[in-house]
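Asks: here is my input, please return the structure:
(4 chains)
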2 protein chains.
Amino acid sequence: MFKKVIIAEDLDAISLGIEQVLKDLNIVDFQHSKYCDDAFLKIRAAINKNEPYDLLISDLSFKTDHREVKIANGDELVQKVRELQPDIKIIAYSVEDKSYRIKSLFDNADIDGFVLKGLTSIEELKKAINLISTSEAKYISPEVASALQEKSNFEIDDLDIKILKHLSSGTPQDEIIQIFKDLGVKPNSKSAMEKRLSKLKDFFKANNTVHLVSIVKDMGII
Amino acid sequence: MFKKVIIAEDLDAISLGIEQVLKDLNIVDFQHSKYCDDAFLKIRAAINKNEPYDLLISDLSFKTDHREVKIANGDELVQKVRELQPDIKIIAYSVEDKSYRIKSLFDNADIDGFVLKGLTSIEELKKAINLISTSEAKYISPEVASALQEKSNFEIDDLDIKILKHLSSGTPQDEIIQIFKDLGVKPNSKSAMEKRLSKLKDFFKANNTVHLVSIVKDMGII
DNA sequence: CAGTATTTTACGGAAATCCATAATCAGCAA
DNA sequence: TTGCTGATTATGGATTTCCGTAAAATACTG
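Replies: Coordinates of the predicted model:
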């Protein structure tokens, strides 16, 4: 079983629940951070003291404060923690149920478990911790297990995301092209843009641009 | 102080925290529902038994299950509870920070408090309960207090919402007009629709329709 | 009822987008 | 170099949206 655990979770109501789980599992050495930055610093400090954490339980969405932050959300946190300490186990604990985002956590940050906050998530969290502590298996909540089956999220590349973000913030297509030209981004013709858009509309089965933006917003892609 | 409390909250991790608050306040007679429908039935049953609840603490967003539900979210729940039992005190406890929605809770459902789930929300919840139990005052979390100051949310009426929903699901304007004509909705001309859209774009400072839909989705209006 | 104001509808040109096709260019093999 | 292939860019016309103005219908007033 894990000896030293760190929790990254901003909502006090929830972190109380998580701490209860750890106590039930007789894990007493745990810390709790309300900010991603803080969690990251603690993890780094622990490594330097040669007393590294062996489990991170992290929320994904964090409220934005007045204060300046380097790491804004759990996705970035787990990514950076994985780079810093490749052998740490990571469980994401979130309400996020968009398969696109869950899949990318397993693919990119190689997380060890995903527990969906829900009606029985406390029990699930226990199960996940138990499973991961004793094996190299991955845990994922049954409601969203299908996320991992989904065939590759196709080729929605970085440029597509850029275009979608511009569109959703009201920039007309012509201006987006101009911006890309000014920035020296490679494909920057009207046609290229239109081709990409029509590919995206085809892929997401959107009738028009409004629909497309609406869909990708719902999916949490932008 | 309140004698009998009901909690409507689907996430188990959070309801544990709320229950702790109630225990700290020496409130022992409380029930907990994970579904809005269930909460509503309990409240009605309590009235019938002449032992009504005097406080409802309700979340706003509830996860959708496989099961069929009559009341899908906290907004509807508090609305219906207010109609059923006008003298009950109601606290909304939610991560929702869109002023549009918060204001409408005070205006339409006449809730008594709004506590924003956050870093110190457990303490805030205690404060809110204390305040409301001893006076007719309203409680609102400081971070979102400005919501109540905002001048009327203008006249975004039901039809506007309908139009926006259609747009966001990919229906072209012409078709929306046709749908309205078929349904016998009153203003159903191309011009009327365009005028409304341009009013909305003006109001929300949107550059175009894509932008408009993006904004109202972010605000939680649709 | 006449007259005025407000709302709704109609119309039309400008702008943006959609969509198919053609031209251009870059890399590569013969 | 030549010719092929695929990717990018250009072009133009159909459709949709945008936006202002005018006509028509409705409501309101004295």
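Asks: hey, let's count contacts and neighbours off CA atoms from now on
Replies: OK.
Asks: tell me how far A:Ala92 lies from A:Gln31.
Replies: As judged by CA to CA, to the nearest Å, A:Ala92 and A:Gln31 stand 16 Å apart.
Asks: ugh, wrong one, I meant A:Lys49
Replies: Relative to A:Gln31, A:Lys49 is positioned 15 Å away (CA to CA).
Asks: more crowded one of the two?
Replies: A:Gln31 (15 against 8; other CA atoms under 10 Å in any protein chain shown).
Asks: got the residues of chain A near chain B?
Replies: Contacts of chain A with chain B, taken as CA under 8 Å from any CA of the partner chain, map to A:10-18, A:34, A:63, A:117-122, A:167-172, A:206-214, A:217.
Asks: secondary structure element holding A:Leu125?
Replies: helix A:121-134 (DSSP states H and E).
Asks: that helix - contacts with which helices or strands?
Replies: helix A:12-24, strand A:113-116, strand A:139-140, helix B:12-24 (3 or more CA pairs under 8 Å, 6 or more residues apart in numbering or on different chains; DSSP states H and E).
Asks: do that again at 10 Å, thanks
Replies: helix A:12-24, strand A:55-58, strand A:89-94, strand A:113-116, strand A:139-140, helix B:12-24 (3 or more CA pairs under 10 Å, 6 or more residues apart in numbering or on different chains; DSSP states H and E).
Asks: so can I have JSON lines of those showing mean neighbour count?
Replies: Putting these into JSON lines (neighbours: other CA atoms under 10 Å in any protein chain shown) gives the following:
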{"stretch": "helix A:12-24", "mean neighbour count": "19"}
{"stretch": "strand A:55-58", "mean neighbour count": "24"}
{"stretch": "strand A:89-94", "mean neighbour count": "24"}
{"stretch": "strand A:113-116", "mean neighbour count": "26"}
{"stretch": "strand A:139-140", "mean neighbour count": "22"}
{"stretch": "helix B:12-24", "mean neighbour count": "19"}
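Asks: among the ones you listed, which is nearest DNA strand C?
Replies: strand A:89-94 (34.2 Å; CA to the nearest atom of the strand).
Asks: now the residue sitting nearest the centre point of chain A: closest residue in space, sequence neighbours ignored.
Replies: Nearest to the geometric centre of chain A sits A:Asp75, at 3.2 Å (CA atoms, centre = their mean). In this structure, A:Asp75 finds its nearest non-sequential neighbour in A:Leu60, 5.9 Å apart by CA to CA, 6 or more residues apart in numbering or on different chains.
Asks: lowest average confidence, helix or strand, in chain A?
Replies: Least confident element among the helices and strands of chain A, by mean pLDDT, DSSP states H and E: helix A:146-149 (a mean of 80).
Asks: now the helix or strand following it: average pLDDT?
Replies: Downstream of helix A:146-149, the first helix or strand assigned by DSSP H and E is helix A:158-168. Computed over helix A:158-168, the mean pLDDT rounds to 89.
Asks: which bits of chain A sit near DNA strand C?
Replies: Residues of chain A found near DNA strand C (CA under 7 Å from any atom of the strand) are A:Pro172, A:Gln173, A:Asp174, A:Ser191, A:Glu194, A:Leu197, A:Ser198, A:Asn208, A:Thr209.
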